[in-house]
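# coordinates only, sequence not included:
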């Protein structure tokens with residue numbers, strides 16, 4: 001998706017539909033996830049955020065999914081299927 005298409009999508013919905021930007025994503029617990037705000041650091045997660053569990057050379061964000069949910073994350077984007085009660089996209 002090009003930047004202009006992304007901006008039109010944001011302008012139209014006030015957020016982004018993950019199914020449109022991650023068409024190959026597998027959704028669990030929901031048909032789609034609408035995103036207005038997201039974070040990849042569980043410590044800065046706010047109510048309504050989508051938590052993005054990143055895997056890098058030092059940290060595995062999957063280890064902090066439950067902490068993000070406790071701080072208010074309403075959904076998770078992950079590289080592998082998380083064990084959580086909120087909707088997720090892999």
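That came through, no problem. It should be emphasised that the depicted structure is a prediction, and the values quoted were computed from it without experimental measurement. Numbering: from 1, shown residues only.
# now do the helices in the chain.
Taking DSSP state H, the helices of the chain run over residues 3-13, 18-21, 65-70.
# mean pLDDT lowest where, among the ones you listed?
Among the helices of the chain, helix 3-13 carries the lowest mean pLDDT, a mean of 46.
# which strand residues bridge the residue nearest to residue 88 when sequence neighbours are not counted?
Sequence neighbours aside, residue 76 is the residue nearest to residue 88 in space, at 4.4 Å (criterion: Cβ to Cβ, 6 or more residues apart in numbering). Any C-beta I mention is one placed from the backbone N, CA and C, and that applies to glycine too. According to DSSP bridges, the residues that bridge with residue 76 are residue 51, residue 88.
# and residue 76, how many neighbours does it have?
If you count neighbours by other Cβ atoms under 10 Å, residue 76 ends up with 27.
# just residue 66 next, same as before
Residue 66 sits with 17 neighbouring residues when counted by other Cβ under 10 Å.
# ditto for the one 4 residues further on
Here the number of neighbours of residue 70 (other Cβ under 10 Å) works out to 11.
# swap in residue 56?
By other Cβ under 10 Å, 8 other residues sit near residue 56.
# same deal with the one 5 residues further on?
Other residues near residue 61 come to 21 when the count uses other Cβ under 10 Å.
# do you know how far the closest residue in space to it that isn't next to it in sequence is from residue 14?
Counting by Cβ to Cβ, 6+ apart, residue 61 lies nearest to residue 53, which is 3.7 Å off, once chain neighbours are set aside. Noted for residue 53: a distance of 24 Å to residue 14, by Cβ to Cβ, to the nearest Å.
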